[in-house]
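Trainee: okay, sequence plus prediction incoming.
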Amino acid sequence: MPAAFFAVFFAYPVAAIVARGLKADGHWRPGRIADVLGDGGVRHVLWFTTWQALASTALTLLVALPGAYVLARLDFPGRRLLRAVVTVPFVLPTVVAGSAWLALVGRGGLLDTLWGVRLDTTVWAILLAHVFFNYAVVVRTVGGLWAQLDPRQEEAARMLGASRLTAWRTVTLPALAPAVAAAALMVFLFTFTSFGVVQILGGPRFATLEVEIYRQTSEIFDLSTAAVLTLVQFAAVAAILAVHARTVRRRERALRLVDASRTARRPRGATQWALLTGVLLSVAVLVLLPLAVLVQRSLDAPGLRYYRALSSDDGNIFLVAPITAIGTSLEYALAATAIAVAIGGLAAGALARRDAGRLVRGFDALLMLPLGVSAVTVGFGFLIALDTPPLDLRASWILVPLAQALVGVPFVVRTMLPVLRAVDTRLREAAAVLGASPWRVWRAVDLPLVRRALLIAAGFAFAVSLGEFGATVFIARPDRPTLPVAVTRLLGRPGDLNYGQAMALSTILMLVCAATLLLLEGLRGRTTGDRTDPTGEF
């Protein structure tokens, strides 16, 4: 089923749009590839796309790994709230994230006002905004596994004479390596295909492949150049995923997982308190400050004028009042989450089998391709390919959740797979020897161990569905806009009222996400208290 889903709703639409761009009068034009790649401007875009993604990934890991440790191993008041707060930026539309950072580092922004420093149109603004956007990926992916690692293994190494650093390097780090690699991969793919952040903060000086594809498609109407750039992006991402799958697979091993509630302790000693303080400060500066600017801009008019304008459909750019985008987004996100969890859960279960063949293991890398292929291409591909029976879905409401689920499935797989592969196969074998059916084995052995991973996966899928923009903007109907589409279209129109409404909708999206994540934290907390769950928070 996962293979069929990706073949129909990803490979087919992307192939359709690429084929249309590389054909002229019914004939293929392979020479167009050499023409585009020979252009100096295109080579510069490719170089900038690659090195800024590498720099963004390294900086995000450097800043977020301490946060992953703090949220996984230290118990302090407000821990669940902090875990939800750092996830909020991840679901905001990238254009909104870029606008928030522009208010901080651009002309007339906070830095300019206080110290006369401007970072807009510099690569530093782009890198910092990418950390803001992807901080939660590292914290959730790495911290989820870190919270379940048995600390007694590291303590045993300390008792044998190893220093704290040596024990962490030889015991904990190898166990975390697959999760760190998975987080790094996701961050790299998101920054490699960055669009809104680079377009707003980079100005005319910087452009990623995604920005250039959008420009060639929507502004210049050169589908052939856009198709070549899509192929380049596709080939680069496929190569990266192949290397990742080959290297990480060699380093995976069964781990001793314990109840996450037993591993978190109150901070002890000056080092842990200093680390906690440093993490809180970094979150305040990199996460809370841009969000505070967002809220302040939405309240920058007397009498909540921007919020009251959302309920009116007079003179706006939609067929309905902008406030209806909230309900529409929630409906689409719930449907997309259900699809992503079903498809991603089945895929993760198949990939976790130790006897999986090479073909099945290769599918692991293919599942990540939707994160690395232009969302603009996917959106146009849906319109072009899904227009004839039995796949004429252009008028169906399910089209938007399908596009959103494509982005959610990789997060479900990447979140559940390390935990499923860490389960000791002897537990399954023992249950099978005692006469349990495969379904009973999965329900009695695997499900309790991956329950928390499943909740985290569902939360990630819901979050990315709420914030998905690249493909949705082309297929969402004018009478049913999603929040990101509404925000972007309001930002694209002149006038203080339109800008204020965009900030108000962005604030509502942030609050909806925060409330959802807090609810998820509550569910995880109740799961932790269930003694039938041997892993607690998973």
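Mentor: Here it is on my side, so go on.

Trainee: make it CA atoms for all contacts and neighbour counts henceforth
Mentor: Will do.

Trainee: count of residues packed around Q199?
Mentor: By other CA atoms under 10 Å, 22 other residues sit near Q199.

Trainee: likewise for the one 10 residues further on?
Mentor: For L209, the number of neighbouring residues by other CA under 10 Å comes to 27.

Trainee: residue contacts, it?
Mentor: 45-46, 49, 192-193, 229, 233 (CA atoms under 8 Å, 6 or more residues apart in numbering).

Trainee: how about F411?
Mentor: Neighbours of F411 in contact, by CA under 8 Å, 6+ apart: 457, 460-461.

Trainee: show the buried residues in those.
Mentor: Among the contacts of F411, those buried by neighbour count (16 or more other CA atoms under 10 Å) are 457, 460-461.

Trainee: mind putting those residues in CSV, pLDDT included?
Mentor: Output for those, formatted as CSV (pLDDT from 0 to 100):
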residue, pLDDT
A457, 82
F460, 76
A461, 85
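
Trainee: CSV for the residues you listed, including distance to K23?
Mentor: What follows is the buried ones among the contacts of F411, written out as CSV (distance: CA to CA, whole Å):
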residue, distance to K23
A457, 40
F460, 38
A461, 36
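
Trainee: narrow those to those in helices?
Mentor: 457, 460-461 (DSSP state H).

Trainee: any idea how far L351 lies from L417?
Mentor: Separation of L351 from L417 (CA to CA, to the nearest Å) stands at 7 Å.

Trainee: out of these two, which sits in the busier spot?
Mentor: A count of neighbours by other CA under 10 Å puts L417 above the other of L351 and L417, at 25 against 21.

Trainee: need the pLDDT of the nearest residue to P410 once chain neighbours are set aside.
Mentor: Distance criterion CA to CA, 6 or more residues apart in numbering; nearest residue to P410, sequence neighbours excluded, is M368 at 5.4 Å. Reading off the confidence values, M368 has pLDDT 73.

Trainee: what about M368, neighbour count?
Mentor: Using other CA under 10 Å: M368 sits among 23 other residues.

Trainee: E331 now?
Mentor: 14.

Trainee: ok, now which ones touch it?
Mentor: Taking CA under 8 Å, 6+ apart as the test, E331 contacts no residue whatsoever.

Trainee: so it is in which element?
Mentor: Element membership for E331 (DSSP states H and E) is helix 324-351.

Trainee: centre of the chain to that helix, how far?
Mentor: Taking CA atoms, centre = their mean, to the nearest Å, one finds helix 324-351 lying 14 Å from the centre of the chain it belongs to.

Trainee: show me which positions of that helix end up buried.
Mentor: 324-326, 328-330, 332-345, 347-351.

Trainee: what's the burial count for R440?
Mentor: So R440, with other CA under 10 Å, has 15 neighbours.

Trainee: which residues touch it?
Mentor: By CA under 8 Å, 6+ apart, R440 has no neighbours at all.

Trainee: how close does it sit to A432?
Mentor: R440 is 9 Å from A432, by CA to CA.

Trainee: looking at the buried ones among the contacts of F411, spot the one nearest S224.
Mentor: A461 (32.8 Å; CA to CA).

Trainee: ok, that closest one - contacts?
Mentor: Per CA under 8 Å, 6+ apart, neighbours of A461: 336-337, 340-341, 405, 407-409, 411-412.

Trainee: what about it, distance to R414?
Mentor: Taken as CA to CA, the span from A461 to R414 is 11 Å.

Trainee: swap in V123?
Mentor: For V123, the distance to R414 - CA to CA - is 29 Å.

Trainee: which one's more surrounded, these two?
Mentor: R414 (24 against 17).

Trainee: so the more buried one makes contact with A181?
Mentor: No - with contact defined as CA atoms under 8 Å, R414 does not reach A181; the gap is 10.2 Å.

Trainee: what sits up against stretch 376-386?
Mentor: Under CA under 8 Å, 6+ apart, the answer for stretch 376-386 is 9-10, 12-17, 210, 213-214, 230, 392-394, 403, 470-475.

Trainee: average pLDDT for it?
Mentor: 79.

Trainee: please save the CA atoms from it in PDB.
Mentor: C-alpha atoms of stretch 376-386 as PDB (Å, rounded to 0.1, in the frame of the first residue of the first chain):
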ATOM      1  CA  VAL A 376       5.800  23.700  -6.500                       C
ATOM      2  CA  THR A 377       6.400  20.800  -8.900                       C
ATOM      3  CA  VAL A 378       4.100  18.500  -6.900                       C
ATOM      4  CA  GLY A 379       1.300  21.100  -6.800                       C
ATOM      5  CA  PHE A 380       1.400  21.700 -10.600                       C
ATOM      6  CA  GLY A 381       1.800  17.900 -11.100                       C
ATOM      7  CA  PHE A 382      -1.500  17.300  -9.200                       C
ATOM      8  CA  LEU A 383      -3.300  19.700 -11.500                       C
ATOM      9  CA  ILE A 384      -1.900  18.200 -14.600                       C
ATOM     10  CA  ALA A 385      -1.900  14.500 -13.800                       C
ATOM     11  CA  LEU A 386      -5.000  14.000 -11.600                       C
END
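
Trainee: residue contacts, V63?
Mentor: Counting by CA under 8 Å, 6+ apart, V63 makes contact with 131, 135, 282.

Trainee: and which of those is nearest A502?
Mentor: Closest to A502, out of all of the contacts of V63 and judged by CA to CA, is V131, at 23.0 Å.

Trainee: could you find the closest non-adjacent residue to the closest one?
Mentor: Using CA to CA, 6+ apart and skipping the chain neighbours, the partner closest in space to V131 is T60 (5.0 Å).

Trainee: can you give me the buried ones in the helix or strand hosting the one you found?
Mentor: Element membership for T60 (DSSP H and E) is helix 40-73. Across helix 40-73, burial judged by 16+ other CA under 10 Å covers 42, 45-46, 48-50, 52-54, 56-61, 63-73.

Trainee: after it, which helix or strand is next?
Mentor: helix 79-85.

Trainee: which residue ranges of the chain form strands?
Mentor: Assigned strands in the chain, in chain order: 23-24, 27-28 (criterion: DSSP state E).

Trainee: may I ask which helix or strand of this structure has the lowest mean pLDDT?
Mentor: When the helices and strands of the chain are scored by mean pLDDT, DSSP states H and E, helix 358-366 comes last with a mean of 64.

Trainee: just for the stretch 1-150 of the chain, where's the confidence low?
Mentor: 24-27, 91, 93, 108 (pLDDT under 70).

Trainee: can you pull the contacts of F48?
Mentor: 206-208.

Trainee: could you list the low-pLDDT ranges of the stretch 201-350 of the chain?
Mentor: In the predicted model of the stretch 201-350 of the chain, residues 244-263, 313-319 satisfy pLDDT under 70.

Trainee: now do the helices in it.
Mentor: 209-214, 223-251, 269-283, 289-298, 305-309, 324-351 (DSSP state H, counting those that start in this stretch).

Trainee: and the ones you listed as JSON lines, adding distance to F90?
Mentor: What follows is the helices of the stretch 201-350 of the chain, written out as JSON lines (distance: least, CA to CA, whole Å):
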{"stretch": "helix 209-214", "distance to F90": "18"}
{"stretch": "helix 223-251", "distance to F90": "21"}
{"stretch": "helix 269-283", "distance to F90": "14"}
{"stretch": "helix 289-298", "distance to F90": "12"}
{"stretch": "helix 305-309", "distance to F90": "23"}
{"stretch": "helix 324-351", "distance to F90": "15"}
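
Trainee: would you mark the buried spots in stretch 197-204?
Mentor: So for stretch 197-204, counting by 16+ other CA under 10 Å, buried means 197-202.

Trainee: which residues touch it?
Mentor: 94-95, 97-99, 101-102, 120-123, 125-126, 129-130, 206-208, 211.

Trainee: kind regards, and thank you for your time.
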